[in-house]
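Undergrad: predicted model follows, preceded by the sequence.
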Amino acid sequence: MKSKYILAIDQGTTSSRAIIFDHGGKIISVGQKEHEQIFPRAGWVEHDAEEVWANIREVVAEALSKGNMNRHDIAAVGITNQRETTVVWNKETGKPVYNAIVWQDTRTQKIVDELGGGDPDKYKEKVGLPLATYFCGPKVKWILDNVEGAREDAEAGKLLMGTMDTWVLWNMTGGVEGGIHVTDVTNASRTMLMDLKSLQWDEQIAKDMTIPMSMLPEIKSSAEVYGKGREGGFLRDIPIAGILGDQQAATFGQACFEKGMAKNTYGTGCFMLMNTGNEIVPSKNGLLTTVCYQIGDQKPVYALEGSIAVAGSLVQWLRDNLKMFDSAPEVEELAKTVDDNGGAYFVPAFSGLFAPYWRSDARGALVGLTRYVNRGHIARAVLESTAYQTREVLEAMEADSGSPLAELKVDGGMTANETLMAFQSCQVGVPVVRPKVAETTALGAAYAAGIAVGFWKGEQDVIDNWAEDKRWEPECDQDERERLFRNWKKAVTKTFDWVDGDVKE
């Protein structure tokens, strides 16, 4: 009996999902469960890795049950994950030694400063990344330095580290009973520990960060059979054959296979990737150089990336912290009660500013307030902030790559917000295009796994399956567009130098 479907596990920042796709790339069923966001101190963000793993087992069972199928219907499993979130666990007990430290967490600032010795670009030529709290290496060092007994166990070869894909794969393939300790090139390229050219761990950087090489997973391509499911039985013997960090997975799912094609994903944060082909393009404008994907033993494809820390999570903040509405989609209704932002600008530098600034000393600011400003203006300023940040990243990308963008493919939850999408097109000055399947992150992981096992032939099948849902053309007054953006740039400067050296964060 030929298996008819591919299962993607999407381990995201706020929830874990299992989505089953058919050969046409259409969604058959979904299981989803949120996990707790743990904030022990200001600037600290953690997840309970065991809770996440329990949720994954639950959502996979839910997706299979809703789709009225069993494991024999599944040809392969792909994994995609929130990147940079780092877990360290004991391979003998299977227990994490500490909560997973999330990509948004800023506790490693001191470690980052010490490693750089005043040069944030110390490793950039090799790894494509500036020294920042965002990446994995310093998080591992923090755990080894601060958790009792962790360093001794690490030196004794008892501890493993990984991004969430590695943790999930290890557990799915048996855990303490022979679990496979592997990551893919896209996730490895976010650790600060992998050489972009050789696609191997750099021993000197690992030594600088005092991380034993025995902790690091084996680096493989994004589409090959890593192992078969053993845990729990419901995915027993099913090949796990695709791994891509979430933003690279979305790029793959959006069929951005040509050099110069770009997509922007609107999720917790906002992430724009531009395919640069087999060429490693160093950034002079505050972007990251990263691996886009690698299929089997083919040459790796690289990308430039602009990472924005806060996008959808700002809407969540209005909902949960300020109680301005009950559900996230209501932000659009509120924003539509006004014609413009009323002069208000919201710079959501909650954990510093990512691209193109890389200012860890920045904090959020709501500026330009007068007595005229109401809830509607603030809701509008929240949506606009995502569009302005995206424009800043796009301009940096065009400067680095030397190629102007013809259109911007978009995906993620916030693309349902038509007010934002129309404003986005106005700000970037090119058409904004949303695909029929907005779940391109999970879809990309499914495609990688399906290609590895021959379920799909290759990239052409992905291109053939991609279909446009809606397109927004840039329709706005040019002078007004530039005035708004000019004021945004001014607002951003008001967030700098906020963190005082003596402030406890």
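TA: Ah, there it is. Numbering: from 1, shown residues only.
Undergrad: low-scoring pLDDT stretches of this structure, where are they?
TA: 1-2, 231-234, 501-505 (pLDDT under 70).
Undergrad: can you pull the buried residues of the lengthiest helix in the chain?
TA: With residue count as the measure and DSSP state H as the assignment, the chain has helix 375-401 as its longest helix. Neighbour-count burial for helix 375-401 flags 376-398, 400-401 (criterion: 16 or more other Cβ atoms under 10 Å). C-betas here are computed from N, CA, C, even on glycine.
Undergrad: check stretch 110-130 too.
TA: Within stretch 110-130, judged by 16+ other Cβ under 10 Å, the buried ones are 111, 112, 115, 120, 122, 123, 124, 126, 127, 128, 129, 130.
Undergrad: cool, and stretch 465-473?
TA: Under the neighbour-count criterion of 16+ other Cβ under 10 Å, stretch 465-473 has 465, 466, 472 buried.
Undergrad: hmm, back to that, format the buried residues of stretch 110-130 as CSV; extra columns: secondary structure and distance to residue 276.
TA: CSV is the format used below for the buried residues of stretch 110-130 (DSSP: H, G, I helix; E, B strand; the rest coil; distance: Cβ to Cβ, whole Å):
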residue, secondary structure, distance to residue 276
111, helix, 30
112, helix, 26
115, helix, 27
120, coil, 22
122, coil, 23
123, coil, 20
124, helix, 16
126, helix, 17
127, helix, 16
128, coil, 11
129, coil, 15
130, coil, 18
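Undergrad: and which of the residues you listed is nearest to residue 147?
TA: residue 111 (14.2 Å; Cβ to Cβ).
Undergrad: ok, that closest one touching residue 140?
TA: No: with contact taken as Cβ atoms under 8 Å, residue 111 and residue 140 are classed as non-touching, separated by 10.0 Å.
Undergrad: for the stretch 151-300 of the chain, which segments count as strands?
TA: Secondary structure of the stretch 151-300 of the chain, counting by DSSP state E, counting those that start in this stretch: strands at 159-163, 182-184, 194-195, 200-201, 218-220, 223-228, 239-245, 262-266, 270-277, 288-293.
Undergrad: can you say which of these is nearest to residue 150?
TA: Nearest of those to residue 150, taken as Cβ to Cβ: strand 159-163 at 6.7 Å.
Undergrad: just the angle for that closest one relative to strand 239-245, thanks.
TA: Relative orientation of strand 159-163 versus strand 239-245 (axes from the mean of the first three to the mean of the last three Cα atoms, to 10 degrees): 70 degrees.
Undergrad: partner strands of strand 159-163 and their direction?
TA: Paired neighbours of strand 159-163 in the sheet (DSSP bridges): strand 86-90 (antiparallel).
Undergrad: and the helix or strand that the longest helix of the chain is followed by, what does it pack onto?
TA: Downstream of helix 375-401, the first helix or strand assigned by DSSP states H and E is strand 408-411. Here strand 408-411 touches strand 262-266, helix 418-428, strand 432-435, going by 3 or more Cβ pairs under 8 Å, 6 or more residues apart in numbering; DSSP states H and E.
Undergrad: strand 408-411 pairs with which strands?
TA: With DSSP bridges as the test, strand 408-411 pairs up with strand 262-266 (parallel), strand 432-435 (parallel).
Undergrad: may I have the first one as PDB, with CA atoms only?
TA: In this case it means strand 262-266. Written as PDB, here are the backbone C-alpha positions of strand 262-266 (Å, rounded to 0.1, in the frame of the first residue of the first chain):
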ATOM      1  CA  ALA A 262      12.600  36.600  -1.100                       C
ATOM      2  CA  LYS A 263       9.900  35.900   1.400                       C
ATOM      3  CA  ASN A 264       8.800  37.500   4.600                       C
ATOM      4  CA  THR A 265       7.200  35.400   7.400                       C
ATOM      5  CA  TYR A 266       5.000  37.300   9.900                       C
END
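Undergrad: quick one on the thing from earlier: now the strands of the stretch 151-300 of the chain as JSON lines including mean neighbour count?
TA: Output for the strands of the stretch 151-300 of the chain, formatted as JSON lines (neighbours: other Cβ atoms under 10 Å):
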{"stretch": "strand 159-163", "mean neighbour count": "27"}
{"stretch": "strand 182-184", "mean neighbour count": "27"}
{"stretch": "strand 194-195", "mean neighbour count": "23"}
{"stretch": "strand 200-201", "mean neighbour count": "14"}
{"stretch": "strand 218-220", "mean neighbour count": "17"}
{"stretch": "strand 223-228", "mean neighbour count": "20"}
{"stretch": "strand 239-245", "mean neighbour count": "30"}
{"stretch": "strand 262-266", "mean neighbour count": "28"}
{"stretch": "strand 270-277", "mean neighbour count": "25"}
{"stretch": "strand 288-293", "mean neighbour count": "26"}
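Undergrad: still on that earlier bit, minimum distance to residue 489: which of the helices and strands packed on strand 408-411 has it?
TA: helix 418-428 (12.3 Å).
Undergrad: which residues touch that closest one?
TA: 266, 332, 335-336, 383-384, 386-388, 390-391, 394, 405, 408, 410, 414-415, 431-432, 434, 470, 472-476, 481, 484-485 (Cβ atoms under 8 Å, 6 or more residues apart in numbering).
Undergrad: how far does that helix sit from its chain's centre?
TA: Remark: helix 418-428 is offset 22 Å from the chain centroid, using Cα atoms, centre = their mean, to the nearest Å.
Undergrad: which parts of that helix are buried?
TA: In helix 418-428, counting by 16+ other Cβ under 10 Å, buried: 419, 420, 421, 422, 423, 424, 425, 426, 427, 428.
Undergrad: so residue 227 versus residue 237, what's the distance?
TA: To residue 237, residue 227 is 10 Å away according to Cβ to Cβ, to the nearest Å.
Undergrad: try residue 350
TA: Counting by Cβ to Cβ - residue 350 and residue 237 are separated by 44 Å.
Undergrad: settle it for me: which of the two has more neighbours?
TA: residue 350 (19 against 10; other Cβ atoms under 10 Å).
Undergrad: that one contacts residue 360, correct?
TA: No: with contact defined as Cβ under 8 Å, residue 350 does not count as touching residue 360 (11.7 Å).
Undergrad: and for the helix or strand that contains residue 483, what's in contact with it?
TA: Element membership for residue 483 (DSSP H and E) is helix 478-493. Helix 478-493 is contacted from outside by 341, 345, 347, 353, 357, 365, 367-368, 384-385, 388, 391, 426-427, 429, using Cβ under 8 Å, 6+ apart.
Undergrad: over to stretch 50-62?
TA: 7, 9, 11, 15-18, 31-33, 35-36, 95-96, 100, 164, 167-168, 171, 231-232, 234-235.
Undergrad: mind giving me the PyMOL select for these, buried ones only?
TA: A single PyMOL command is used to select the members of these judged buried by 16+ other Cβ under 10 Å:
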select buried, resi 7+9+11+16+17+18+31+32+33+35+96+100+164+167+168+171+231+235
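Undergrad: so which of the contacts of stretch 50-62 sit within helices?
TA: Short answer: the contacts of stretch 50-62 in helices (DSSP H) are 164, 167, 168, 171.
Undergrad: report the two of these separated the most.
TA: Comparing all pairs in the ones in helices among the contacts of stretch 50-62 by Cβ to Cβ, the longest separation belongs to 164 and 171, at 10.7 Å.
Undergrad: next, count neighbours for residue 145.
TA: Neighbour number of residue 145 under other Cβ under 10 Å is 12.
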